[in-house]
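In: What shape does this take:
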Amino acid sequence: MSDRTTTAPAPLPPAAAGPPPPPPGGRPLTATLVRLKLSLLRNGLRQSAGRRAAYIASAVVSLLFAALLVLGLVALRGHAYAPTVTLVLTAALALGWAVMPLFFPSGDETLDPTRLVMLPLRPEPLVRSLLVASLVGVGPFFTLCLLTGSLVALTRGWAAAVLAVPAGVLTLLVCVALARAVAAANTRLLTSRKGRDLAVLSGLIIAVGAQLVNVAVQRVGSAGGLTRLDPAVAVLRWIPPVSALSSVEEAGHGQWGRALAQLVLGGAALGLLLWWWRRSLTKLMTAPDGSTLGAADNPARKGRGDHTSRLRAFAYALAPSGRERERTAAVVERSLRYVWRDPKTKAAWITSLAIGLIIPVFNALQGGGSVYLACFAAGMLGVQMYNQFGQDTSAFWMVALSLSTARDAYVELRARALALLTITLPYATLVTVLTAALLGAWRQLPEALGLSYALLGAMTATGAWASARYPYSIPQEGNKNVAPGQAGLAWISVLGGMVGGAALCLPLLALQIGLHAGGGHAWLWVVLPAGAAYGTLLAYTGLRLAAPKAAGRVPEILEAVSKG
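Out: Here you go, the predicted model:
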């Protein structure tokens, strides 16, 4: 054997610091993410014809609205109120970009950066590429159209025209970066149960916002016109991204110092948003999810036992004394827990509470309306008595095991009605008193309260009967509140019950009209105790009549509520 000298391989030189290697195939990261955004959009439209039709319809409506908006803004060119209109619209647009990811997190799959956590990506190029990919879609195109019309309306002279291009691009980038930064900072929230609750309540928040906008428009148009917005516009000029748009107007007037300062503010805001976005991405990619940590380490969870004990004690105090008190207290506690924890039940309750307050109060604030509109709150809240078993879904089988007699069904329905009345009764009273205070109609307060109490009793009665006769399932996933094939049951239950409840209130309404027509105004206070007594009688009678129906249809109810 010959001696051989074995030499160790020379160590490789350390890799030079530089940009990360491109994705497989040599395609840059930005192009890859843009193609990914287009693929997600295309594949989403292929899921169903209904989704494709809804997307196309919304895109067409958005484009038509954008075209009309651009024409209107261009027509404002040279008008004295052009800066006021354009700057307010830009502020509203930026606000929409900031809050939409919170309300519609499932509308864009790319809003969740944790889906890229397993890829060898660095935060800096990821932020740049996601920012460019975010410019693809109907929303950015609508924003670009509005900004184009606003810039045309504000531009005066060649200097302002030169500044308009970077100002418009900067405004668009700030809006997109704002949406992405907010979404990245709240990703853990949006993927949790609380985030789903927030998404379910998006329709309510939009409805309330529309009412506020309606009131604001009426106030602006009533006196003073758009000049009432001048103080707000003076502040908005220095708030990005409105400041970038305002710099174009300042440049047109020769105020180069103010224009430069406002443009710098917009650039600083973009840099700050990108830094916030990058920091949130780094935390999401490296920090563990808090939901995987032990519950004992979370101080917020340590007090839940006390909260449960207080809720149980409250339910036990509400339950009437007797041998059935334990069962009644348990059902009351379960019903109140549904209101607080179940997303669909919570959304229905909050929607009813908000709309029941908005209709009478907003009409009173606008100088119109009537104290009797407060009965709308009682009607909206009374609807929550309908489909009581549907909110249990397939878990109703545990309730079904205990419904062997009509008495058991009566105790179950009575406890659910009691839990409902603990919220609806004081709330309907509060809305009625508040409406009377805003209108100064204290003399009509007893009548309105009596009608509200009677309507609550009637809705409780018809709701109990409809729950036993027309139950339907409520899907736990998605935005639908009725399982497929059960929409007819839902319409019959709710509309039929509401008509029946209104018809049951006719005797009390006849008493009130008779006192008015007969000149017995001094006796109109009688409507209050009469309404309370009549409502109690209606609720008791309805529960008694619905109990045998529910006990005899337990298998049918279980089958109906388990389809979701």
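In: pLDDT value on the closest residue to Ile239 other than its chain neighbours, please?
Out: Nearest residue to Ile239 in three dimensions, chain neighbours excluded: Ala91, at 7.3 Å (Cβ to Cβ, 6 or more residues apart in numbering). The way it works is simple: take the backbone N, C-alpha and C, and place the C-beta from them, glycine included. Per-residue confidence (pLDDT) for Ala91: 90.
In: Go ahead and confirm Leu284 touches Asn186.
Out: No: under the criterion of Cβ atoms under 8 Å, Leu284 is not in contact with Asn186, lying 10.7 Å apart.
In: got the contact list for the residue nearest to Ile239?
Out: Residues near Ala91 by Cβ atoms under 8 Å, 6 or more residues apart in numbering: Leu236, Ile239, Val242.
In: element containing it, please.
Out: Secondary structure from DSSP states H and E places Ala91 in helix 82-103.
In: what sits up against the following helix or strand past that helix?
Out: Going down the chain from helix 82-103, the next helix or strand is helix 123-133, by DSSP H and E. With contact meaning Cβ under 8 Å, 6+ apart, helix 123-133 is reached by 19-20, 29-30, 32-34, 36-37, 110, 113, 116, 173, 176-177, 180, 274, 277-278, 281-282, 285.
In: Pull out the buried residues from those residues.
Out: Buried residues within the contacts of helix 123-133, counting neighbours by 16 or more other Cβ atoms under 10 Å: 29-30, 32-34, 36-37, 110, 113, 116, 173, 176-177, 180, 274, 277-278, 281, 285.
In: and those, which of them are in helices?
Out: If you go by DSSP state H, the buried ones among the contacts of helix 123-133 have 29-30, 32-34, 36-37, 173, 176-177, 180, 274, 277-278, 281, 285 in helices.
In: quick one: the strands in the protein?
Out: Taking DSSP state E as the criterion, the chain contains no strands.
In: How is it partitioned into domains?
Out: 50-110+123-286, 314-561 (automatic domain parsing).
In: hey, least reliable of those by pLDDT?
Out: The weakest mean pLDDT among the domains of the chain belongs to domain 50-110+123-286, with a mean of 80.
In: count of residues packed around the closest residue to Gly497 other than its chain neighbours?
Out: Once flanking residues are discounted, Gly497 sits nearest to Thr462: 4.0 Å by Cβ to Cβ, 6+ apart. Thr462 has 28 neighbours, counted by other Cβ atoms under 10 Å.
In: Then Thr328?
Out: So Thr328, with other Cβ under 10 Å, has 23 neighbours.
In: Now do the same contact list for it.
Out: Ala319, Pro320, Val411, Arg414, Ala415, Leu418.
In: can you do 6 Å?
Out: Neighbour list for Thr328: Ala319, Ala415 [criterion: Cβ atoms under 6 Å, 6 or more residues apart in numbering].
In: Over to Val371?
Out: Contacts of Val371 (Cβ under 6 Å, 6+ apart): Thr435, Ala436, Leu439, Ala441, Gln444, Ala448.
In: how close does the third one get to Thr282?
Out: The one in question is Leu439. Distance from Leu439 to Thr282, counting by Cβ to Cβ, to the nearest Å: 55 Å.
In: One more: Ser370?
Out: Applying Cβ to Cβ, the value for Ser370 to Thr282 is 57 Å.
In: Could you do Gly356 as well?
Out: 45 Å.
In: same thing with Ala179?
Out: To Thr282, Ala179 is 19 Å away according to Cβ to Cβ.
In: ok, now Arg128?
Out: For Arg128, the distance to Thr282 - Cβ to Cβ - is 15 Å.
In: one step back: any idea which of the domains of the chain gets closest to Arg42?
Out: Arg42 lies closest to domain 50-110+123-286 among the domains of the chain, at 10.3 Å (Cβ to Cβ).
In: In the helix ranked longest in the chain, which residues are buried?
Out: Identified as the longest helix of the chain according to DSSP H is helix 406-439. By neighbour count with 16+ other Cβ under 10 Å, helix 406-439 contains the buried residues 406, 408-425, 427-429, 431-436, 438-439.
In: can you give me the end-to-end distance of stretch 395-407?
Out: Criterion Cα to Cα, to the nearest Å; first-to-last residue distance in stretch 395-407 is 21 Å.
In: Of all the residues in it, which ones are buried?
Out: Phe396, Val399, Ala400, Leu403, Ala406.
In: Pull the contacting residues for Leu154.
Out: Counting by Cβ under 6 Å, 6+ apart, Leu154 touches Thr86, Val248, Glu249.
In: Name the member of the residues you listed with the most neighbours.
Out: Val248 (30 neighbours).
In: Surely that residue touches Leu163?
Out: Yes: between Val248 and Leu163 there is a contact under Cβ atoms under 6 Å: 5.5 Å.
In: Skipping adjacent residues, who's closest to Val174 in space?
Out: In space, Val174 is closest to Pro241, 3.8 Å off (Cβ to Cβ, 6+ apart).
In: Count the neighbours of that neighbour for me.
Out: 28.
In: does it really touch Ala94, like I thought?
Out: Yes: here Pro241 reaches Ala94: they are 5.5 Å apart, a contact under Cβ under 6 Å.
In: From Val99, how far off is Tyr427?
Out: When Tyr427 is compared with Val99 (using Cβ to Cβ), they lie 27 Å apart.
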